[in-house]
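In: Below are the sequence and a predicted model for it; my questions follow.
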Amino acid sequence: MLLRVGSCVLALATPAFAGLDLHDYDDDLMRDLDRTIKVFEPDITAQNAAAAKEDAAILLEGFRYTEDYFGKKGVADAVAISRDGSRLVDAVLRNVDKGDFDAAATAARDAPQLCKSCHDLYKPRLGR
């Protein structure tokens with residue numbers, strides 16, 4: 001039953017996304033984000049505050065770019081995902097600044113899934 005519901009949601013959503021032109025998205029930034037998201041939590045777990053802050057700056061730049069990009073295209077759910085990402089990274093930074101690396105790492109572990117939730121909807125199939 002759940003599979004049928006998920007298939008119906010995807011089928012209903014696909015036509016709306018099919019006409020979305022993403023050719024002007026900054027692919028270089030996306031590659032930087034992909035590399036950074038892989039080291040974000042490990043840098044925090046290693047209690048490397050300087051590296052974690054560098055990672056966070058890259059991720060915040062990406063989430064803000066994505067929020068602006070999809071905002072101009074009127075794609076509210078992608079904007080919401082981007083805002084959630086910015087809030088998550090801000091929370092990580094607050095915890096790193098307090099020296100609470102366990103809480104920071106716990107929050108950072110949610111970042112890849114957040115990115116994936118947007119990619120599942122908007123990343124062009126040929127780019128995967």
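Out: Arrived safely, thanks for sending.
In: burial of Y122, as a residue count?
Out: 18 (other C-beta atoms under 10 Å). (C-beta placed from N, C-alpha, C; glycine too.)
In: Which residues are in contact with it?
Out: Y122 is in contact with 17, 20, 22, 70, 75, 78, counting by C-beta atoms under 8 Å, 6 or more residues apart in numbering.
In: can you list the weak-confidence ranges in the chain?
Out: Applying pLDDT under 70 to the predicted model, the residue ranges of the chain that meet it are 1-19, 124-128.
In: For it, just list every one of the helices.
Out: 2-18, 27-45, 49-72, 76-98, 101-108, 111-122 (DSSP state H).
In: Most tightly packed of these?
Out: Among those, helix 101-108 has the highest mean neighbour count (mean count of other C-beta atoms under 10 Å), at a mean of 20.
In: And the residue nearest in space to the middle of the chain, how far from Y122?
Out: Centroid-nearest residue in the chain: C115, 3.0 Å away (criterion: C-alpha atoms, centre = their mean). Going from C115 to Y122 by C-beta to C-beta, to the nearest Å gives 11 Å.
In: same question, G62
Out: Computed with C-beta to C-beta, the distance linking G62 and Y122 is 14 Å.
In: which neighbours do the two share?
Out: By C-beta under 8 Å, 6+ apart, G62 and Y122 have no common neighbours.
In: residues touching the nearest residue to the residue nearest to the centre of the chain once chain neighbours are set aside, list them.
Out: Closest residue to C115 apart from its sequence neighbours, by C-beta to C-beta, 6 or more residues apart in numbering: I37 at 6.0 Å. When contacts are counted by C-beta under 8 Å, 6+ apart, I37 is found next to 59, 111-112, 115.
In: how about a cut-off of 6 Å?
Out: When contacts are counted by C-beta atoms under 6 Å, 6 or more residues apart in numbering, I37 touches 111-112, 115.
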